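Novice: I would like to see how this sequence folds:
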Amino acid sequence: MGQFNCYQDVGNDRVLDMRIQIVILIVGMLVSWSYEVRAEGEPEDDTNLPSIVETHTENISQPLPTSLPSVERAEVSDKIVKDIQIRFLNNKDKWVDEKGRLIEGRTPKNFIIDNLRLKPGQIFRNDLFQKDLERLRRLNSFAKVNFVLEDSDTGVNIVYYIRENKFPSWSFGGGDNGDVGLYGKLGYTDANINGLNEQLDTSIQVSGKDVQFDTSFISPYRRGEPSRLGYSFRAFRERDLSRTFNDDIKLANGSTAREGRFGGSLAVLKSFDDWDAALGLNYTRISLRDRDYNVAQVDRLGTPLSVSGTGIDDLVTVSFAISNDQRDRRRNPTKGSLLTLSTEQAIPIGLGKIASNRLQANYILYVPVTWIGSNGSTENTEMIALNLQAGTNIGEFPPANAFELGGQNSVRGYGGGRVASARSYGLASFEYRFPILHRVGGVLFADFASDFGSSKTVLGEPGIVRGKPGSGFGYGLGLRVKSPFGLIRGDLGVSDQGEVKFEVTTDQRF
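Specialist: As a prediction, the model looks like this:
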């Protein structure tokens with residue numbers, strides 16, 4: 001939320017570096033090896049089984065369901081829920097193997113049932129059932145969640161059919177960029193440790209100049225254990241060209257400013273009905289450096305690069321965030337909304353003795369439409385997607401921590417951070433997503449962001465002295481291709497300054 005990880009536009013040599021990096025990364029993806037390819041996290045187009053059927057686990061001689069319905073409404077009324085069953089699917093969407101044995105899942109069945117609100121003995125309520133279905137679909141450990149209802153005169157059995165994502169997975173990559181040169185990257189991911197939706201994501205990048213890493217672990221709050229808090233931790237070391245102090249104005253020695261960050265965080269997690277909350281303690285050391293990674297205190301114009309005046313600032317913060325997730329599923333949602341609100345209070349400890357507060361809000365809305373009709377696939381659905389963001393910093397804060405507006409995750413058509421380096425900001429993005437082929441979709445988009453005149457209140461006014469406009473508009477079109485390695489995104493953006501950019505990355509903009 002409010003963090004824009006964009007490539008820098010620093011001249012023809014950097015463009016060439018980027019092209020080389022993209023080619024090498026794509027080749028690395030194609031030859032990369034993993035234990036399992038992660039499955040897509042949404043139901044497929046299933047029409048072979050009715051929404052209410054009679055099935056019996058013991059009667060395995062009858063035809064077995066190999067594809068299951070994605071039913072958005074279950075028409076059952078005034079019935080008692082007699083039983084809830086969990087059946088796991090293999091990669092062929094079968095719940096028994098060739099010998100008639102039930103497919104075993106990694107996730108304990110009681111953990112799944114603990115996540116449900118509708119329990120045996122209760123009257124079937126469609127609203128509770130739909131929320132249960134969406135809650136299961138939002139778990140990172142599941143690739144597909146469908147159901148059948150076994151209806152009878154005495155009640156109804158709910159049978160969930162679940163295909164788990166395949167974990168753990170490894171990834172390999174590499175590239176060449178203008179900062180560290182040639183590098184290699186190794187990643188490891190598991191989003192269902194112990195079968196309890198616990199998530200470990202770690203990566204390490206090694207080059208001749210630097211070693212970077214990012215490791216995070218999340219043990220979510222469990223609704224079946226209300227007295228137990230969830231928790232998370234993260235440790236990281238990052239280095240990149242600075243989006244705030246980009247090379248429009250270099251350092252005194254002619255070098256482009258590099259920005260290094262290392263630190264970590266600890267948080268406790270809890271859910272309250274439809275709201276998820278996180279309370280965290282965070283530490284980040286931010287340093288500005290030259291090409292040889294020597295600390296720089298000012299740029300060529302004498303503009304300070306840090307609050308402390310040393311080129312290094314320490315941020316010790318207490319953060320609190322709440323979110324309300326009403327999406328129908330976490331990966332590739334087709335409808336619903338996501339609202340996140342956060343505050344982060346800095347404690348004046350360490351270099352700079354910073355005591356600012358950072359407030360942010362992020363709202364995403366997905367609205368299905370049928371303007372051109374469906375191609376019969378749920379891989380790419382037609383919809384309107386809207387993203388509204390806002391944020392502000394209260395008090396003195398490191399200029400490198402300004403809100404960077406512009407780039408592929410902000411205002412497309414602009415380079416990374418080329419719209420503003422701001423104290424406060426507002427951002428609105430609109431997308432019309434539509435299907436083209438089974439795994440290929442198109443997007444028409446428009447983005448607008450403004451700093452509300454706040455860039456002049458950032459220490460040293462880095463955005464002002466670099467001539468950033470403070471507000472910007474971009475529009476364009478893009479393609480979305482679902483590959484075995486995930487969603488590939490290509491966007492061709494045009495800015496209101498007449499700049500045209502084509503950028504390739506992964507995952508949806510929001």
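Novice: now residue 269: which helix or strand?
Specialist: Element membership for residue 269, per DSSP states H and E: strand 258-272.
Novice: for that strand, buried residues please.
Specialist: Buried positions in strand 258-272, judged by neighbour count with 16 or more other C-beta atoms under 10 Å: 258-263, 265, 267, 269. All C-beta atoms are positioned from the backbone trio N, CA, C, and that covers glycine.
Novice: including pLDDT, could those residues go into TSV?
Specialist: Formatted as TSV, the buried residues of strand 258-272 follow (pLDDT from 0 to 100):
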residue	pLDDT
258	94
259	95
260	95
261	97
262	97
263	98
265	98
267	98
269	97
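Novice: and the residue of the chain most remote from its centre, how close does it get to residue 129?
Specialist: Most distant residue from the mean C-alpha position of the chain: residue 153, 44.9 Å away (C-alpha atoms, centre = their mean). Here residue 153 is placed at a distance of 20 Å from residue 129 (C-beta to C-beta, to the nearest Å).
Novice: so where do the strands sit in the stretch 401-510 of the chain?
Specialist: Secondary structure of the stretch 401-510 of the chain by DSSP state E, counting those that start in this stretch: the strands cover 403-405, 420-422, 424-437, 440-450, 471-483, 486-495, 500-506.
Novice: so which of those strands is nearest residue 275?
Specialist: Smallest distance to residue 275 across those (C-beta to C-beta): 23.5 Å, for strand 424-437.
Novice: tell me what the closest one is packed against?
Specialist: strand 383-394, strand 403-405, strand 440-450 (3 or more C-beta pairs under 8 Å, 6 or more residues apart in numbering; DSSP states H and E).
Novice: how about low-confidence regions in the stretch 51-200 of the chain?
Specialist: The stretch 51-200 of the chain contains residues with pLDDT under 70 at 51-77.
Novice: name the helix or strand for the residue farthest from the centre of the chain, please.
Specialist: Using DSSP H and E, residue 153 maps to neither a helix nor a strand.
Novice: distance of it relative to residue 427?
Specialist: 55 Å.
Novice: also residue 455?
Specialist: For residue 455, the distance to residue 427 (C-beta to C-beta) stands at 15 Å.
Novice: which one's more surrounded, the two?
Specialist: residue 455 (27 against 21; other C-beta atoms under 10 Å).
Novice: so what's the more buried one closest to, chain neighbours aside?
Specialist: The shortest distance from residue 455 to any non-neighbouring residue, by C-beta to C-beta, 6 or more residues apart in numbering, is to residue 463 (4.0 Å).
Novice: residue contacts, the one you found?
Specialist: Applying C-beta atoms under 8 Å, 6 or more residues apart in numbering, we find residue 463 in contact with 244, 402, 420-422, 451, 455, 470.
Novice: one more time with 6 Å, if that's ok
Specialist: 420-421, 455 (C-beta atoms under 6 Å, 6 or more residues apart in numbering).
Novice: can you check residue 499 too?
Specialist: By C-beta under 6 Å, 6+ apart, residue 499 lies in contact with residue 413.
Novice: any idea how far residue 213 is from it?
Specialist: As judged by C-beta to C-beta, residue 499 and residue 213 stand 34 Å apart.
Novice: go on, residue 183?
Specialist: For residue 183, the distance to residue 213 equals 12 Å [C-beta to C-beta].
Novice: next one: residue 264
Specialist: For residue 264, the distance to residue 213 (C-beta to C-beta) stands at 11 Å.
Novice: with residue 190 instead?
Specialist: Taking C-beta to C-beta, one finds residue 190 at 17 Å from residue 213.
Novice: in terms of neighbours, single out the busier of these two.
Specialist: Counted by other C-beta under 10 Å, residue 190 and residue 213 do not tie: residue 190 has more neighbours, with 19 against 15.
Novice: contacting residues for the more buried one?
Specialist: With contact set as C-beta under 6 Å, 6+ apart, residue 190 has these partners: 167-168, 200.
Novice: go again using 8 Å as the cut-off
Specialist: 167-169, 199-200.
Novice: in helices, which of those appear?
Specialist: If you go by DSSP state H, these have nothing in helices.
Novice: return the closest of these with respect to residue 319.
Specialist: Comparing those against residue 319 with C-beta to C-beta places residue 199 closest, at 19.0 Å.
Novice: strand partners of the one helix or strand residue 215 maps to, parallel vs antiparallel please.
Specialist: Using DSSP H and E, residue 215 sits in strand 211-219. Note on strand 211-219: by DSSP bridges, its sheet partners are strand 198-207 (antiparallel), strand 230-241 (antiparallel).
Novice: just give the nearest non-adjacent residue to residue 360, would you?
Specialist: residue 391 is the one closest to residue 360 (C-beta to C-beta, 6+ apart), at 4.0 Å.
Novice: next, count neighbours for the one you found.
Specialist: Neighbour tally, residue 391, other C-beta under 10 Å: 20.
Novice: quick check, it in contact with residue 358.
Specialist: Yes: using C-beta atoms under 8 Å, residue 391 is in contact with residue 358, at 7.1 Å.
Novice: leaving aside the residues next to it on the chain, what's closest to residue 420?
Specialist: Nearest to residue 420 is residue 451, by C-beta to C-beta, 6+ apart, at 4.0 Å.
Novice: give me the phi and psi angles of that neighbour.
Specialist: phi -100, psi 0 (degrees, to the nearest 10).
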